[in-house]
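Chemist: coordinates only, no sequence provided:
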């Protein structure tokens, strides 16, 4: 019985700041982020890179690293409805509110560091 060698690729993960929040991204993956300006098919560039990991090599920015992440806007949409229920006990006060959060679906196309 022969054993095969398995080569584990070093996948580069990057933590980037998108619309005020931090998100870990990898090239080729799709993500839903808060609503961005632009039309489907437009290219968006994010230059606030906070951290990179490649295998066991970790690089932390102070506060940011040099480089950029390019993404393509796939579509705009809205999430499921979130219901918020307020109640004050013994007062007879009940109130139901809800909203749907808007998002933009992006696909990471290029990473330059």
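Modeler: Thanks, I have the structure now. Bear in mind the structure is a predicted one, so any value in this text is a computation, not a measurement. Numbering: from 1, shown residues only.
Chemist: use CA for all of it now, contacts and neighbours both
Modeler: Will do.
Chemist: show the average pLDDT along stretch 80-92.
Modeler: Stretch 80-92 shows a mean pLDDT of 97.
Chemist: can you list contacts of that stretch?
Modeler: Contact with stretch 80-92 is made by 93, 94, 95, 96, 97, 98, 99, 100, 101, as judged by Cα atoms under 8 Å, 6 or more residues apart in numbering.
Chemist: widest-spaced pair of those?
Modeler: Greatest spatial distance in those: 93 and 101, 26.3 Å, computed using Cα to Cα.
Chemist: what about these two, which has more around it?
Modeler: Per other Cα atoms under 10 Å, whichever of residue 93 and residue 101 has more neighbours is residue 101, with 13 against 9.
Chemist: may I have the beta-bridge partners of the most centrally placed residue in the chain?
Modeler: Among the residues of the chain, residue 23 comes closest to the average C-alpha position under Cα atoms, centre = their mean, at 4.2 Å. As for beta bridges, residue 23 partners with residue 16 under DSSP bridges.
Chemist: thank you kindly, that will do.
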